[in-house]
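Peer 1: kindly return the folded structure for what I paste below:
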Amino acid sequence: MEFVELRNNILNQDLLTNFFVEVNNYFIPTLSHRILNKSDGVTDFSEYSKKVLKLAKCLVILENNQINGIVIIYTNDSINKKSYIPILAVKKESQGKGYSKKLMGKAIEKARLEGMKEVIVKTWSENKIAIKIYERLGFSVIEERGNGVSLKLKI
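Peer 2: Purely as a prediction, here's the structure:
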């Protein structure tokens, strides 16, 4: 097992796309429902992979050249110093090993090193496991709207 930040290249786009397809149904609603066909024009996981590799940091756990877990963090708000995590996912067979906590720790450190002052994460209110993970890491609920919950960590 190794922690890696994926770089923007075609091999990593394919690796990331395959991971998104595999974990799509882990999310409620599905990952495809959450990220595709929004205002940014992304219509499939391949396009989404290109987008995040270009604009965000993709921190992954690799085992046997396969992604077993990922956290995606945007650290490009240089004015407000807020970073944003849209996705934290770990394959079912790798859950319960502390990977989510380790990935979040890496993302928080990345945000801190890039001068961010806050980390914001959004999840669905039914996702009690994720909310518990975030709260254990020091995140606090800042907003509940509809089916969504936003949490923030000052760093």
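Peer 1: note down every partner strand of the longest strand belonging to the chain and its orientation.
Peer 2: Ranked by number of residues, the top strand in the chain under DSSP state E is strand 66-77. Partners of strand 66-77 in the sheet, by DSSP bridges, are strand 57-63 (antiparallel), strand 82-90 (antiparallel).
Peer 1: where does pLDDT dip in this protein?
Peer 2: Applying pLDDT under 70 to the chain picks out residues 37, 39.
Peer 1: against N8, how distant is the most centrally placed residue in it?
Peer 2: With the centre of the chain defined as its mean C-alpha position, the nearest residue by Cα atoms, centre = their mean is I87, 2.4 Å away. Going from I87 to N8 by Cβ to Cβ, to the nearest Å gives 17 Å. The way it works is simple: take the backbone N, C-alpha and C, and place the C-beta from them, glycine included.
Peer 1: the residue nearest to the centre of the chain reaches I73, doesn't it?
Peer 2: No: applying Cβ atoms under 8 Å, one finds I87 not in contact with I73, separated by 9.1 Å.
Peer 1: do you know how far the residue lying farthest from the centre of the chain is from I10?
Peer 2: Largest separation from the mean C-alpha position in the chain: I79, at 21.7 Å (Cα atoms, centre = their mean). When distance is defined by Cβ to Cβ, I79 is 33 Å away from I10.
Peer 1: repeat that for L153.
Peer 2: 34 Å.
Peer 1: check G115 too.
Peer 2: In terms of Cβ to Cβ, G115 sits 30 Å off from I10.
Peer 1: next, count neighbours for the nearest residue to V42 once chain neighbours are set aside.
Peer 2: Spatially, and ignoring its direct neighbours in sequence, V42 is nearest to Y48 (4.9 Å; Cβ to Cβ, 6 or more residues apart in numbering). Using other Cβ atoms under 10 Å, Y48 has 24 other residues around it.
Peer 1: which SSE is Y48 in?
Peer 2: helix 45-55 (DSSP states H and E).
Peer 1: off-centre distance for that helix?
Peer 2: With Cα atoms, centre = their mean, to the nearest Å as the basis, helix 45-55 stands 13 Å off its chain's centre.
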